[in-house]
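1. Model the following, please.
(chains A and B)
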Amino acid sequence: MNGAYLELARAHAPLLMIVTPLVGAALMLISGPARMSWLIACAAAVFGAVIAVDFATVLLMQLTHPVAEVGVALFVDGIGVFAAALVAVVLALAIVAVGATLKESGASPAPLSPALMLAGAAGWTGALMTRDLIALFASVEAGWLAAVGLTAVNAVRDRTPLNGAFRMLTLGGAGSALMLLGIGMLGRAAGGFEIDALPLAQIRMPNLAGAGAALIVLGLCVKAGVAPLHAWSPVAIGRGGAMIALGVGTLGVLGALSVLTRFAAYAITAPEIGAGFSVALAGLGALSVVVGAVQAVGSRNLLRLSVYAGVSQAGCVLLSLALGSPAGFAAALMQLVAFAAASLAFYGGALAGRVHSLDMLNGYATRAPLASGAITAGALSLMGAPLTIGFLGRWRLVEAGVGAGWWWAAGLVIIASLAGVFYGGRLVERMYFRRANVTYAGEGGVWRVALAPALIAAIATIAIGLAPGALLNAAANASRLMTGLAP
Amino acid sequence: MTPEIALFCVLGAPVLQALLVMLIPKPPGLRDLIHIGFSLVALGCAAYLMNAVAQHETARIVLARPLPNVDLAFAIDPLGALMAVVLTGLGVLHAVHAAGVARAKQEKAPARLLAFIALAMAGVTAVAFSANLFSLFVAYQALALAAFPLVAHRGDEEAQPAARAFLATLLASSIGLFLPAMIWTYSIAGALDFQAGGVLAGRVDPLTANVLLALYVMGIAMAAIPPMHSWLPASSNGPFPALVAIQALAVLPAGGIGVLKVATFVFGPAMRDAAIAAQVLIVLVGVGMIVAALIALSKQDIRERLAYSVMAQSLAVVMGALLALPAGLFAAALQIVALACAAATLLMAAGTTMAITGRSKVADYVGLGRVMPWTFAGFAIASASMIGMPPFAGAWAKLWLITAAAGSGLVWAAVLASIAAILTFTHLGPLAANAFAGRAPTDAFKRPDGASILLAAPVILAAAATLSLLVLADPLAVFLSPIWTPEGP
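-> The predicted model follows:
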């Protein structure tokens, strides 16, 4: 009996991956106390993560074909299912991590914030499972507006995130307009709105199609915080709490980057527009790597530093995609995993002790060894230290770049790593080799259960770096499975 | 015990040593016992492995497989075994001396100091036994991170920027130059495993070989090749036990071992294809040796003088490796051994002097040999070895180096090495001589009761080790010969 239900759940896994967080969000809003709503959110997120990981494992590791022949038609491809599983896992960890800070922004947003995180994740997952570009746009907007809402409702004690939310709304609105315009142009040029048709489409107007694809990418880049379109992210995240950092800085950015990865993987393989599209992605990626690295080096705010490091990492994702090969797509997926793990560890470790500025990190290792360990793992991964997943992601990118003769891309990755040495080394030095010069207010908090996700991410950062075989296989299979797998 | 277990122990013992020293900082006696005891364990394992290599046994341990065809692996070979024995042997003496200095000077946070010295020893041992370029890179990075707290140990306004410069130079050069070279090698060869005869042999065109050689040699900044040497003077801010670890036993030797491994196991015969880069680098290294020796002459603080002096000697290792002849490679290996013995002796002697007299200025060394005869006997022997005076270790290394340079047709390289040796004499010879020839100082010492056996004995024993190559040079040539050619040097 249970086996039958399990098979039924597996058969409808893509739908459940979208519906579960939405149901969880709805239940949260009608539940009473904040703790109760958080428990519901945890249950929904963990359930969704289990379904997503199981589905991805079956599809990518066993290369079977488990998609239902009945029900709502969703379009499952390799990158979509890989990224959706990643989003689901990050959502579960983020929801658990924000439990300790539920009431920081007041009682009223307490159930609303995790609900928005769930709704946002559902939006991004929907965008990763859709075939139609219009549906993709709608799903992306759902995810993005949830992120804007999350930022706005958490700007209670400090008004800066409200300014960030306003920027998100305006810049994101412009990005949405560009994206919609791009979808129209691409659809017109390619003769349809189906994403999987792009590689095989007889594109009558390649210039129009290329411009359309570029506009879609620009719209997604705004939402992913890719430089120079990232003006919203340091303002929104730099002064926000755990909700904003994890819900927007980690989950939202990851969702947008994942959708961007999936769209780019299709668009770049379209013969008529592929070459130009590759150049555009490479240019944006290179700019983002350099700008993010420079800004991270100059940052004095820990959360902003992490944002800028993420911008640099997003640039690496774009560079990987620009290669336009299965190796490049696999490298991009590895970069996404590296970003997610490092970001969770970094934000989680910092926010567990309410650390915002670099000065507050002085002597942090003595006060909060576990949180410091999480930050260290995140920083090491961001700088691409060996035996971390960050090293693995960058290695794959450089290897794919060298294979394609893109030496300059390899050089940029090295620059990003060198910048990482600078700012990562500075963090490590402050935590381990300086004494605290401020009174620390959150001493007891750093041992809370809420730190567990950061530690899990930190351990994953190292463990995957040590034994990445399964993940590498999954990423390689995902990049190969880019034809439609669903009915 | 199997060679695999011994290999695991020689790598793991210093890590466990560091953990225990940190966990048991008091009583000092127990802490020091742990520190010295585990150093002896590491030496015992290294000696066992050297014997295993001599018996043609093999051992390889794989800790992880982070990339396809690339393991985090360690294996025994003649070069690694020799370096491990020499460095862990000197490490035992250093452990005793560091315990003595920590007590005599009442060093701040002695447990942390000893623990990171142990971790640095673990790092250099891992470098020596690395089975491939990736493992070498990981061990190299780990060593840089382990040595960073040693430079920053004092925690004052001078130490922190020096430590940052130390770490930034080592990590930036390894990531910016070594890492791309490694990835390039991987893309050419499809693997990174060290192999006698060279990974790149027959697979690389001359242009690529030249660029790769330059990237590797400059990327291994621990070898202190100009302009990547700034970490070495920066490290002279550390306490003396840290200096011994950095400049004599761990960081600087790791650079030499790294360059030697790359020349031997990555390039091998492909060094001939990289002749242009090799000759340019030899010029750079030769001039660097002379300039470093001159700068050493200008320095009045013993720490700074010895830092530049060991830099000049370390560059001889790189010169030998770049000569691309078995004789040059053998000279490089001997020079690592000779430098480790001499530099450890000099720095430990200077540390003893500092702990007892509070003196660190060169001018204040006059006459100290009369009141600290054992310590300054060691100092004089080590100075003679650094200069290259027979029968001490440095003489044999330099003899092989000059022979190899002449054999390569690079007589000018031999001339550069000889000039550097003369300059080394000018900055170390008079110093050692004046310590005995000058009038004994009459002012009170910091510790009037003199040096304890913990401070004096390691200096004398390390100095005695510089005589070892007098009888061991030929057996070592036979022992090391499998790494470069079946015929030997």
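2. where does chain A come near chain B, residue by residue?
-> A:383-387, A:391-392, A:395, A:398-399, A:402-403, A:410-411, A:414, A:417-418, A:421-422, A:425, A:429, A:432-433, A:465-469, A:472 (C-beta under 8 Å from any C-beta of the partner chain). In short, each C-beta sits where N, CA and C put it, glycine included.
3. how about the strands in the stretch 51-200 of chain A?
-> Assigned by DSSP state E, counting those that start in this stretch, the stretch 51-200 of chain A shows no strands.
4. In it, what residue comes closest to chain B?
-> residue A:61 (16.6 Å; C-beta to the nearest C-beta).
5. before we move on, which element is residue A:18 in?
-> helix A:13-30 (DSSP states H and E).
6. Longest helix in the chain, by number of residues?
-> Let's take chain A. Criterion DSSP state H: the longest helix present in chain A is helix A:160-190.
7. other chain: chain B
-> The single longest helix within chain B, with elements called by DSSP H, is helix B:326-357.
8. what packs against that helix?
-> Using 3 or more C-beta pairs under 8 Å, 6 or more residues apart in numbering or on different chains; DSSP states H and E, the elements in contact with helix B:326-357 are helix B:78-104, helix B:240-243, helix B:251-261, helix B:302-322, helix B:373-387, helix B:393-407, helix B:453-465, helix B:469-480.
9. Sort out which residues of the last one are buried, please.
-> It refers to helix B:469-480. Across helix B:469-480, burial judged by 16 or more other C-beta atoms under 10 Å in any protein chain shown covers B:469, B:472-473, B:476-477, B:479-480.
10. Tell me the one of the residues you listed nearest chain A?
-> Closest to chain A, out of all of the buried residues of helix B:469-480 and judged by C-beta to the nearest C-beta, is residue B:480, at 28.5 Å.
11. Might you report the residue contacts of that closest one?
-> B:78-79, B:82, B:330, B:333, B:489 (C-beta atoms under 8 Å, 6 or more residues apart in numbering or on different chains).
12. Between helix B:393-407 and the helix or strand of chain B with the lowest mean pLDDT, find me the angle.
-> Using mean pLDDT, DSSP states H and E, the weakest-scoring helix or strand in chain B turns out to be helix B:469-480, at a mean of 80. Put simply, helix B:469-480 runs at 50 degrees to helix B:393-407, going by axes from the mean of the first three to the mean of the last three C-alpha atoms, to 10 degrees.
13. Just want to check the distance between the spatially most central residue of chain A and chain B.
-> Nearest to the mean C-alpha position of chain A, by C-alpha atoms, centre = their mean, lies residue A:254 at 1.0 Å. Relative to chain B, residue A:254 is positioned 23 Å away (criterion: C-beta to the nearest C-beta, to the nearest Å).
14. residues near the closest residue to that residue other than its chain neighbours, how many?
-> In space, and not counting its chain neighbours, residue A:254 is closest to residue A:340: 5.3 Å by C-beta to C-beta, 6 or more residues apart in numbering or on different chains. Using other C-beta atoms under 10 Å in any protein chain shown, residue A:340 is surrounded by 28 other residues.
15. need the contact list for residue A:340.
-> A:86, A:89-90, A:250, A:254, A:457.
16. among the helices and strands of chain A, which has the poorest mean pLDDT?
-> helix A:2-11 (a mean of 76).
17. Can you classify residue B:61 by secondary structure?
-> strand (DSSP: H, G, I helix; E, B strand; the rest coil).
18. still on that earlier bit, for the following helix or strand past the longest helix of chain B, which outside residues touch it?
-> Once the chain leaves helix B:326-357, the next helix or strand it forms, by DSSP H and E, is helix B:368-371. For helix B:368-371, contacts defined as C-beta under 8 Å, 6+ apart pick out B:353, B:357, B:359, B:376-377, B:379-380, B:432, B:435-436, B:438-441, B:445, B:450.
19. got it, and stretch A:262-269?
-> Taking C-beta under 8 Å, 6+ apart as the rule, stretch A:262-269 contacts A:77, A:79-80, A:83, A:127-128, A:136, A:195-196, A:198-199, A:213, A:216-217, A:220, A:273-274, A:277-278, A:281, A:318, A:321-322, A:324, A:329, A:332, A:479, A:482.
20. How far off centre is it?
-> Stretch A:262-269 sits 18 Å away from the centroid of its parent chain (C-alpha atoms, centre = their mean, to the nearest Å).
21. would you put the C-alpha positions of that stretch in CSV?
-> Extracted C-alpha coordinates of stretch A:262-269, given in CSV (Å, rounded to 0.1, in the frame of the first residue of the first chain):
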residue,chain,number,x,y,z
ARG,A,262,18.2,26.4,-17.9
PHE,A,263,17.1,29.0,-20.4
ALA,A,264,20.7,29.7,-21.5
ALA,A,265,21.4,26.0,-22.0
TYR,A,266,18.5,25.9,-24.6
ALA,A,267,19.1,29.2,-26.2
ILE,A,268,22.9,28.8,-26.7
THR,A,269,22.4,25.5,-28.6
